[in-house]
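Asker: the sequence isn't on hand, but the structure is:
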């Protein structure tokens, strides 16, 4: 259980949906019911198990960066790195006002950062 979030039946548990949506194995709704987060696990060579999180709000509007950071911290932890992707136009899928982040396993970081190391 994730504090502040309510688990919901997933598409995978209900045997519904196709593509990535049908692979979603965890669904959370925040207690205020403002956000829904769909999560599926994928294996990425060299990184291991990466969690794909699709985030949507009930207003179907833009989600500020700070809110996505808060959601990442609350569901996955402050010590995890996540990233969004801005794909080339040929790979763009823009059918819903939904934001996607990929959360790396603990201890894995991206090779770029804004802080000096």
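Answerer: The structure has been received and is ready for your questions. Small disclaimer: the values here were computed from a predicted structure and weren't measured.
Asker: what sits against residue 43?
Answerer: Going by CB atoms under 8 Å, 6 or more residues apart in numbering, residue 43 touches 49-50. (Glycine included, C-beta is placed from N, CA and C.)
Asker: what strand or helix carries it?
Answerer: In this structure, residue 43 sits in strand 35-44 according to DSSP states H and E.
Asker: starting at the chain centroid, how far to that strand?
Answerer: When C-alpha coordinates are averaged (CA atoms, centre = their mean, to the nearest Å), strand 35-44 and its chain have centres 5 Å apart.
Asker: low-scoring stretches of this structure, by residue?
Answerer: For the chain, the stretches flagged by pLDDT under 70 are 1, 117.
Asker: residue closest to the middle of it?
Answerer: residue 53 (1.6 Å; CA atoms, centre = their mean).
Asker: pull the residues that contact the top helix by length along the chain.
Answerer: Secondary structure assigned by DSSP state H gives helix 65-76 as the longest helix of the chain. With contacts defined as CB under 8 Å, 6+ apart, helix 65-76 is touched by 2-5, 28, 30, 35, 37, 39, 51, 53, 55, 80, 82, 84, 99, 101, 103.
Asker: buried ones among those residues?
Answerer: Buried subset of the contacts of helix 65-76 (neighbour count, 16 or more other CB atoms under 10 Å): 5, 28, 30, 35, 37, 39, 51, 53, 55, 80, 82, 99, 101, 103.
Asker: tell me the one among these nearest to residue 17.
Answerer: residue 39 (13.7 Å; CB to CB).
Asker: hmm, that closest one is touching residue 49, no?
Answerer: No. Using CB atoms under 8 Å, residue 39 is not in contact with residue 49; the gap is 11.6 Å.
Asker: for the chain, just list every one of the helices.
Answerer: 19-22, 65-76.
Asker: out of these, which is closest to residue 45?
Answerer: Between the helices of the chain, helix 19-22 lies closest to residue 45; by CB to CB that is 18.1 Å.
Asker: re the thing from before, could I get the buried ones among the contacts of helix 65-76 in TSV, plus columns for distance to residue 115?
Answerer: TSV is the format used below for these (distance: CB to CB, whole Å):
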residue	distance to residue 115
5	29
28	29
30	29
35	28
37	27
39	27
51	24
53	24
55	25
80	16
82	16
99	24
101	20
103	19
